[in-house]
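Participant: Need the 3D shape of this:
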Amino acid sequence: MDAIKNNFQKIVEQARKDGAKVEMLVSGGESLSIGYSKRKLESFESTQSQMAGLRVILGANQGYAYTENLAEESLLRTYTEALNNAKTVQTGETKPVELVKPQAVKAMPELFKPEEIAMDRKLEVARLLEEKCLEKDARIANVPYSGFNESISFKRILNSEGLDQEFKQNYYTGYAYPLAKEGEASKMDGEGFFARKFADINATEVAEEGVRKSIARLGASKLATGNYAVVIDREQFPTILQMIYDYFSAKEVHEGKSLFKGKLGQKIASDKFELVDDPFETRGTSVRPFDDEGAPSQKTVLFDKGVLKNYLSNLEYANKMSLPHTAHARRSPASQQAIAPTNLVVANGEKSLQDLLSSYDKVIHLASFEGGLHAGFKQSTGDFSMPAEGFLYENGKNMGPVEQFVMSGNVMELLRDIEAVGRDYNKPGNSFICPDVLIKSLSFAGA
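Facilitator: Numbers count the residues shown, from 1 in each chain. Take a look at the predicted model:
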């Protein structure tokens, strides 16, 4: 018996009486988190969750409501709340909002292959992530952040047009961030993993790489203020993509909030910059066979040799703006409909990281943005001024770590100033899949 479908059919019947259309997004899953501290088990948490979000459409108006109780009475109450919200909302729009009609989607059985792994093996991974850091180097004082996680998730979308799509996935993640100390100096960096098979996890390798990164930052000097060529590390270039993330949204374009507005078909980035949105890329965490209103996923070219090729749309904004429907609806059961990318993949090049670092007499290898986007990015203008750390290279030779500097610029200018991209990608476990990227000049405020 499919209780979710049976209960939804009763909502559909009520919606027809009310002259409304309705969509239900159900998501949930199970997770296990294990963490060690000072060689002792510190945290062990197992959780289960599920939630249903209803979107009710009355002509051009939409109302939302959600519940964690999927029983029939609760779902009908939630529908009534969403219906009342739709009656209250006055958008000023006249064009009716449509729902996605049933369509075939790509089968992705590789996403869901749950394994029977003994608990002691999971505990062992969590233990080793901390222990191997502490054993690797005497300068590691402690490991403030380390842990192992196992996740199983599902998403199902049903609507009154007869659509019913579902997919599941499972994966493992973990991380180790050791704190290195030498004299009065202390630095912390780390490494993580993302695996769809338990056998692919190598906790010792992850811990040792975390130690290497932390130790490499010790003995940092201050950087002299000036303009430098910079190689943004493959693990850090995702921060640049986060800056332009919302600019692709047709909704943001329509509302005049995107710096990409009016630039379709124009060359606004370096011809070295090529970017694709790929929801089928299994190295990424935003893989999915359909979007959050049930439309079949598809690859979308965003930049081709620096030319902006597409905006991203859901069904509503594809119709409203006469754009291709790219199937990029994004919402959770508790949120309203939005538009967002899936896995953003930057095309790689042919050069090694060392080749890029040898491109100029002086090059900064930017290894860490300190504080994330909120530390200094203005979305309305594209200007950024962000604390960062890295390494100074002279004639291709590492002169040591540098710290306490601020890198400033404008993200639109940065895209135009991309000079080369590396051949190697960042590790799996991110929805931004990036190589190392050489920018010919940026402003650095240091000592």
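
Participant: which one is the residue nearest to the spatial centre of the chain nearest to, not counting chain neighbours?
Facilitator: Nearest to the mean C-alpha position of the chain, by CA atoms, centre = their mean, lies Ser431 at 4.1 Å. The spatially closest residue to Ser431, leaving aside those adjacent along the chain, is Ser286, at 4.0 Å (CB to CB, 6 or more residues apart in numbering). In short, each C-beta sits where N, CA and C put it, glycine included.

Participant: which ones are touching that neighbour?
Facilitator: Contact analysis of Ser286 by CB atoms under 8 Å, 6 or more residues apart in numbering lists Pro279, Pro341, Thr342, Asn343, Ser431.

Participant: Try it again at 7 Å.
Facilitator: Contact partners of Ser286, counting by CB atoms under 7 Å, 6 or more residues apart in numbering, are Pro279, Thr342, Asn343, Ser431.

Participant: Okay, helices next: where are they in the stretch 201-350 of the chain?
Facilitator: 203-216, 237-244, 250-254, 315-321 (DSSP state H, counting those that start in this stretch).

Participant: Would you format the ones you listed as TSV with mean pLDDT, mean neighbour count and distance to Thr225 included?
Facilitator: Output for the helices of the stretch 201-350 of the chain, formatted as TSV (pLDDT from 0 to 100; neighbours: other CB atoms under 10 Å; distance: least, CB to CB, whole Å):
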stretch	mean pLDDT	mean neighbour count	distance to Thr225
helix 203-216	97	21	23
helix 237-244	97	21	22
helix 250-254	98	22	35
helix 315-321	96	19	44
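
Participant: phi, psi of the nearest residue to Ser221 once chain neighbours are set aside?
Facilitator: In space, and not counting its chain neighbours, Ser221 is closest to Val402: 5.9 Å by CB to CB, 6+ apart. The phi and psi values for Val402, taken as degrees, to the nearest 10, are phi -130, psi 150.

Participant: what bridges to the closest residue to Tyr228 other than its chain neighbours?
Facilitator: Distances taken as CB to CB, 6+ apart place Ile364 nearest to Tyr228, at 4.8 Å, with adjacent residues excluded. Counting by DSSP bridges, Ile364 is bridged to Val230, Leu392.

Participant: Count the neighbours of Phe154 for me.
Facilitator: 16 (other CB atoms under 10 Å).

Participant: State the distance from the residue nearest to Ser431 to Leu275.
Facilitator: 14 Å (CB to CB, to the nearest Å).

Participant: next one: Gln50
Facilitator: 35 Å.

Participant: do the same with Gln298
Facilitator: Distance from Gln298 to Leu275, by CB to CB: 15 Å.

Participant: Give me the more crowded residue out of those two.
Facilitator: Leu275 (24 against 18).

Participant: quick one: pLDDT of the more buried one?
Facilitator: Looking at Leu275, its pLDDT stands at 98.

Participant: Could you pull up the residues touching it?
Facilitator: Leu302, Phe303, Leu344, Val346.

Participant: Next, format those residues as a markdown table and append distance to Val100.
Facilitator: Putting the contacts of Leu275 into a markdown table (distance: CB to CB, whole Å) gives the following:
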| residue | distance to Val100 |
| --- | --- |
| Leu302 | 22 |
| Phe303 | 27 |
| Leu344 | 23 |
| Val346 | 29 |
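
Participant: Quick check: of the residues you listed, which lies closest to Gln169?
Facilitator: Leu344 (18.9 Å; CB to CB).

Participant: Confirm for me that the closest one is in contact with Phe432.
Facilitator: Yes - using CB atoms under 7 Å, Leu344 makes contact with Phe432 at a distance of 5.2 Å.

Participant: got any residues that touch both of the two?
Facilitator: With CB under 7 Å, 6+ apart as the test, Leu344 and Phe432 both reach Leu241.

Participant: Next one: Val402 from Gly226, what distance?
Facilitator: Taken as CB to CB, the span from Val402 to Gly226 is 12 Å.

Participant: which one of those two has more residues nearby?
Facilitator: Of the pair Val402 and Gly226, Val402 is the one with more neighbours under other CB under 10 Å, namely 24 against 11.

Participant: Strands of the stretch 301-447 of the chain, residue ranges please.
Facilitator: Listed in chain order, the strands of the stretch 301-447 of the chain (DSSP state E, counting those that start in this stretch) span 307-308, 329-330, 338-339, 344-346, 362-369, 377-378, 383-394, 397-410, 418-425, 432-433, 435-445.

Participant: Please read the previous query as pertaining to the stretch 101-250 of the chain.
Facilitator: So, for the stretch 101-250 of the chain - with DSSP E, counting those that start in this stretch - the strands run 140-159, 164-182, 185-188, 191-195, 221-222, 226-232.

Participant: mind putting those strands in a markdown table, mean pLDDT and distance to Ile11 included?
Facilitator: Below are these laid out as a markdown table (pLDDT from 0 to 100; distance: least, CB to CB, whole Å):
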| stretch | mean pLDDT | distance to Ile11 |
| --- | --- | --- |
| strand 140-159 | 97 | 9 |
| strand 164-182 | 97 | 13 |
| strand 185-188 | 94 | 50 |
| strand 191-195 | 97 | 37 |
| strand 221-222 | 95 | 62 |
| strand 226-232 | 97 | 49 |
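
Participant: JSON lines for those, including distance to Met412?
Facilitator: Listed next are the strands of the stretch 101-250 of the chain as JSON lines, based on distance: least, CB to CB, whole Å:
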{"stretch": "strand 140-159", "distance to Met412": "34"}
{"stretch": "strand 164-182", "distance to Met412": "33"}
{"stretch": "strand 185-188", "distance to Met412": "33"}
{"stretch": "strand 191-195", "distance to Met412": "31"}
{"stretch": "strand 221-222", "distance to Met412": "29"}
{"stretch": "strand 226-232", "distance to Met412": "16"}
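
Participant: Nearest to Leu323, out of those?
Facilitator: Comparing these by CB to CB, strand 140-159 comes nearest, at 21.4 Å.

Participant: Near the nearest residue in space to Glu110 that is not next to it in sequence, how many other residues are there?
Facilitator: Take Glu110 and drop its neighbours on the chain: the residue closest to it by CB to CB, 6+ apart is Thr282, 6.5 Å away. For Thr282, the number of neighbouring residues by other CB under 10 Å comes to 15.
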